[in-house]
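> The following comprises the amino acid sequence and a computationally predicted model.
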Number of protein chains: 2
Amino acid sequence: MPGVPRTFERIGILGLGLIGGSLLRAVHATGRDCWGYDADPATLEAAGTDGFEIATSVRDAAEDADLLVLAMPLPQVPDALVELDSWLRADAVLTDVGTLKQPVAEAVAKHMPSARFVGGHPLAGTEHSGWRAADETLFDAAPWSLTLDPPVDLDDWLGVARVVCDVGAHPVPTTAAEQDDAVARVIGLPHVLAESLALTGLAGGPLGLSLAAGSYVTGSRVARTRPDLVASWCDGNEALIGALDEVIGRLDATRTALVEGGSVLPLAEDGHAARMNWETRAVRAIRVPADVDALLAHGRAGGWITAVDTDDVIHGMLPA
Amino acid sequence: MPGVPRTFERIGILGLGLIGGSLLRAVHATGRDCWGYDADPATLEAAGTDGFEIATSVRDAAEDADLLVLAMPLPQVPDALVELDSWLRADAVLTDVGTLKQPVAEAVAKHMPSARFVGGHPLAGTEHSGWRAADETLFDAAPWSLTLDPPVDLDDWLGVARVVCDVGAHPVPTTAAEQDDAVARVIGLPHVLAESLALTGLAGGPLGLSLAAGSYVTGSRVARTRPDLVASWCDGNEALIGALDEVIGRLDATRTALVEGGSVLPLAEDGHAARMNWETRAVRAIRVPADVDALLAHGRAGGWITAVDTDDVIHGMLPA
């Protein structure tokens, strides 16, 4: 039987870019003690100047935390874990905000196997980067994957979920593998398509430069994102290969239809229906049992958490 | 030698959907006499209730016009042309607002060969449709293709360009074939990709429904457009086949890279550069000679018109 969700009141955040910086602002607004650290001195100084508590090192950020958030770029995570293994308190919980959950879980298993780790991924962001783009409201109503793979402690998980709810987001219980499969389709794929459009749309000559408007502008918006970030959200995610196969198949079929004097209409009708069904889907409030399997089934069915009471009563929403 | 640009002061608009309705509002705001007609009685009544002059038939809309705008769906254009051949004054100019310019030019050549026709295409719009979505400011800074194919009269063309400038848009001189090639890449392609994303993004199961956010939302935005409109912007445009081939090639290469443990980075870098170069391109003001070939070269180089003086001095902008 789970007891009560953990309470986190001293939250350290490592990495103060768009996500880490927005989280520092949002957690601060909940009234909790919180502080940030960034390896870049200019970023750290900017956060301090803006009135936030800053740590002077990874050790300084970790020692007093009951919840520590890894918000640095994925390539810097392994080194941070090696260092944290010495400084993070044994009862502190570690979470992160990376897009892909399997690589982080593997790094934790390798470099910090004793960590009480709950993988996290806020599906929030813009095509902007850095502390200057950080926004306290970035997570309002945003989905936020929280992994429940063994050996996660359910009370740790529920405690993290409460923090996520408190910054305005919607915790989605999932496994690392299932979240990465979904992310291939709703993050990796949109970015690959936006990059392809940005490039191909303008490859027809200068006339296209002046005629590009509405659909080109929004379709290629996320091509404004830093290319190394896009690569870090796509590379190594095998599910993206399958998603690309499906898109290539649809584009091939549309190409064949056009060659044969046919129409884009079947694709347009199916795409329109998918988008409108998604936008207009009804959801209903339900209670979710405080049980790992029940929570995972809830996330798998398209549900999310809206609140975790102190007695482990979990409120959620589920597609009707 | 061209004389002076035609002056249009009595403008009839056939079709009061998003584009025609917005144009009626925008032309009205320039102080010109203008009126609208729509085959749908409810639309016509709504326009009248909103205080705009309405015509009771195609004939009524055409007889007194010095400029008549075809703003109905493409499938209704041939019938309208047959009727207009009886009622439009011989010195009146006919224009349109359709996405593809070759099909309209062919319909005019077939059904109304004596028409003084200048094909037009405002690259403005939203994913909404109908009179209720019409907006006087829809054309602000929007590119607006105006075709200069023979036997167009340059003074007719310049007169239409003045009206386009007066509603806030940027006339782009082009041929029907060149504009349709460019449109394949900056309208057809973004819509086909958005439809494919809308469909494939959510095809992985319900978890994706809750995780879909930023990049999925904007990437599939134009899948909200009515499917029959999307088809009318794509079908029969041979250049879209080539654009699809290019995208499929890029996606295939990216897929292969992922299979081989490589990276999305090369695509992301190229896409990012294309988008940022486009956004930040510098333009300079120039004068364009009142000459068909010079105007076409200006459009082909990515330029547009900003003003046409009464003495045929043409002001434009060109990528630096």
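On my side now, so go ahead. Residues are numbered from 1 along each chain as shown, chains lettered A, B, ... in the order given.

> Can you give me the separation between the closest residue to A:Val292 other than its chain neighbours and chain B?
Once flanking residues are discounted, A:Val292 sits nearest to A:Leu148: 5.5 Å by CB to CB, 6 or more residues apart in numbering or on different chains. Where you see a C-beta, it was placed from the backbone N, CA and C, and this is true even at glycine. Distance of A:Leu148 to chain B, given as CB to the nearest CB, to the nearest Å: 13 Å.

> what do you get for A:Ala239?
8 Å.

> ok, that residue - how many residues close by?
A:Ala239: 19 surrounding residues under other CB atoms under 10 Å in any protein chain shown.

> How about A:Ile314, nearest residue that isn't a chain neighbour?
Setting aside the residues directly before and after it, A:Ile314 is nearest to A:Val288 in space (CB to CB, 6+ apart), at 4.4 Å.

> I figured the one you found was touching A:Trp304, is that so?
No: at 9.6 Å, A:Val288 does not count as touching A:Trp304 under the criterion of CB atoms under 8 Å.

> Look at these two and report which has more neighbours.
The neighbour comparison of A:Val288 against A:Trp304 (other CB under 10 Å) goes to A:Trp304, with 26 against 22.

> And the pLDDT at A:Glu127?
We have a pLDDT of 66 for A:Glu127.

> show me what contacts the closest residue to A:Val259 other than its chain neighbours?
Distance criterion CB to CB, 6+ apart; nearest residue to A:Val259, sequence neighbours excluded, is B:Ile241 at 6.0 Å. For B:Ile241, the contacting residues are A:Arg255, A:Leu258, A:Val259, by CB atoms under 8 Å, 6 or more residues apart in numbering or on different chains.

> contacting residues around the residue nearest to A:Ile314?
A:Ala294, A:Leu295, A:His298, A:Gly303, A:Ile305, A:Ile314, A:His315, A:Gly316.

> Which of the residues you listed fall in strands?
Residues of these located in strands (DSSP state E): A:Ile305, A:Ile314, A:His315, A:Gly316.

> Report the buried members of those.
For these, a burial check counting by 16 or more other CB atoms under 10 Å in any protein chain shown picks out A:Ile305, A:Ile314, A:Gly316.

> want to throw those into a markdown table with pLDDT and distance to B:Leu74?
As requested, those are exported to a markdown table (pLDDT from 0 to 100; distance: CB to CB, whole Å):
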| residue | pLDDT | distance to B:Leu74 |
| --- | --- | --- |
| A:Ile305 | 96 | 49 |
| A:Ile314 | 92 | 54 |
| A:Gly316 | 95 | 48 |
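
> Helices of chain A, residue ranges please.
Ranges of helices within chain A are A:18-29, A:41-49, A:58-62, A:77-87, A:101-111, A:154-166, A:176-183, A:189-201, A:206-211, A:214-219, A:227-234, A:239-259, A:265-280, A:292-300, based on DSSP state H.

> that older thread, and the residue nearest to A:Val259, how far is that from B:His191?
Distance check for B:Ile241 against B:His191: by CB to CB, to the nearest Å, it reads 15 Å.

> check contacts around whatever residue of the stretch 1-150 of chain A ends up closest to chain B.
At 4.0 Å from chain B, A:Leu123 is the closest residue in the stretch 1-150 of chain A, using CB to the nearest CB. By CB under 8 Å, 6+ apart, A:Leu123 lies in contact with A:Ala142, A:Pro143, A:Trp144, A:Ser145, A:Val186, A:Ile187, B:Leu211, B:Ala212, B:Ala213, B:Gly214.

> what's around the closest residue to the first one other than its chain neighbours, how many residues?
Read that as A:Ala142. Spatial nearest neighbour of A:Ala142, chain neighbours left out: A:Ala124 (3.8 Å); criterion: CB to CB, 6+ apart. Residues contacting A:Ala124 under the criterion other CB under 10 Å number 24.

> Would you check that A:Ala124 makes contact with A:Ser145?
No: using CB under 8 Å, A:Ala124 makes no contact with A:Ser145, being 11.4 Å away.

> related to what we said a few turns ago, tell me who's in contact with the residue nearest to A:Ala142.
Counted by CB under 8 Å, 6+ apart, A:Ala124 has contacts A:Ile19, A:Ser22, A:Leu138, A:Phe139, A:Ala142, A:Trp144, A:Ala169, B:Ala213, B:Gly214.

> Could you rerun that using 7 Å?
By CB atoms under 7 Å, 6 or more residues apart in numbering or on different chains, the residues touching A:Ala124 are A:Leu138, A:Phe139, A:Ala142, B:Ala213.

> can you count the residues close to the residue found closest to A:Asp270 once you drop the neighbours it is linked to in the chain?
Distances taken as CB to CB, 6+ apart place B:Leu199 nearest to A:Asp270, at 5.3 Å, with adjacent residues excluded. Number of residues near B:Leu199 (other CB under 10 Å) recorded here: 21.

> which regions of the stretch 51-200 of chain A lie under the pLDDT threshold?
A:127 (pLDDT under 70).

> Tell me the residue of it that sits nearest chain B?
Checked against chain B (CB to the nearest CB), the nearest residue in the stretch 51-200 of chain A is A:Glu195, 2.8 Å away.

> which ones are touching A:Leu84?
Neighbour list for A:Leu84: A:Val58, A:Ala62, A:Met112 [criterion: CB under 7 Å, 6+ apart].

> how about a cut-off of 8 Å?
A:Val58, A:Ala62, A:Leu68, A:Leu94, A:Met112, A:Ala115.

> Bridged to the residue nearest to the third one when sequence neighbours are not counted, which residues?
Read it as A:Leu68. Computed as CB to CB, 6+ apart, the closest residue to A:Leu68 that is not its neighbour in sequence is A:Gly12, at 4.8 Å. Residues in a beta bridge with A:Gly12, per DSSP bridges, are A:Trp35, A:Leu68.

> Which pLDDT does the model give A:Gly12?
For A:Gly12, the model assigns a pLDDT of 98.

> circling back to that earlier point, roughly how far apart are the residue nearest to A:Ile314 and chain B?
13 Å.

> Could you do A:Val283 as well?
Taking CB to the nearest CB, one finds A:Val283 at 9 Å from chain B.

> again with A:Val247
5 Å.

> ok, that residue - how many residues close by?
By other CB under 10 Å, the burial measure for A:Val247, its neighbour count, is 25.

> Report the contact partners of it.
With CB under 8 Å, 6+ apart, A:Val247 has these contacts: A:Leu189, A:Leu193, B:Ser196, B:Leu197, B:Thr200, B:Leu251.

> cool, A:Ile314 as well?
Taking CB under 8 Å, 6+ apart, one finds A:Leu158, A:Arg287, A:Val288, A:Pro289, A:Ala290, A:Leu295, A:Ile305, A:Ala307, A:Val308 in contact with A:Ile314.

> Now with 6 Å, please.
The neighbours of A:Ile314, taking CB atoms under 6 Å, 6 or more residues apart in numbering or on different chains as the test, are A:Val288, A:Ala290, A:Val308.

> tell me the pLDDT at the first one?
At A:Val288, the pLDDT value in this model is 95.

> Can you tell me how far A:Cys165 is from A:Gly36?
21 Å.
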